[in-house]
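Enquirer: sequence-free structure coming up:
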């Protein structure tokens, strides 16, 4: 979902699809867990790629919440890319985003409902940022 650059200039990327992968610097000792949220916290910029399926992923939505927190609290620069989705779908949770949230809300307990509201707030905030629209070709 996000690609970020830390203050050291090293780059880290994450992708939560069927081929989940993390690439981090070689200084990470073998066998240690990579924390996506710590990578986000240590980054100066975040590039968010909003695709039709981003809202299906709880991981991606949690990362989005963290990115928007870092934008507010740490001044992190955030660059959204709207790939195959309209900005209004992200901001208003319509289209594929609306469908994803219907699925998330199915059988949601109180704790999950709170999490869903955090996700929606982060999407509304990110949807207000100036971004880059890209359409499938």
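Expert: Nice, I can see it. Here the structure is a predicted model, which is why all the values come from computation and not from measurement.
Enquirer: From now on I want contacts and neighbour counts done on CA atoms only, so please keep to that.
Expert: Noted.
Enquirer: would you list every one of the helices in this structure?
Expert: Assigned by DSSP state H, the helices in the chain fall at 36-41, 58-74, 87-92, 96-105, 110-126.
Enquirer: Contact partners for residue 124?
Expert: Residues in contact with residue 124, defined by Cα atoms under 8 Å, 6 or more residues apart in numbering, are 90-92.
Enquirer: should've said residue 37
Expert: 63, 66.
Enquirer: how much space is there between it and residue 78?
Expert: Between residue 37 and residue 78 the computed distance is 15 Å (Cα to Cα, to the nearest Å).
Enquirer: Could you dump the helices of the chain into JSON lines with mean pLDDT added?
Expert: Below are the helices of the chain laid out as JSON lines (pLDDT from 0 to 100):
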{"stretch": "helix 36-41", "mean pLDDT": "90"}
{"stretch": "helix 58-74", "mean pLDDT": "96"}
{"stretch": "helix 87-92", "mean pLDDT": "95"}
{"stretch": "helix 96-105", "mean pLDDT": "97"}
{"stretch": "helix 110-126", "mean pLDDT": "97"}
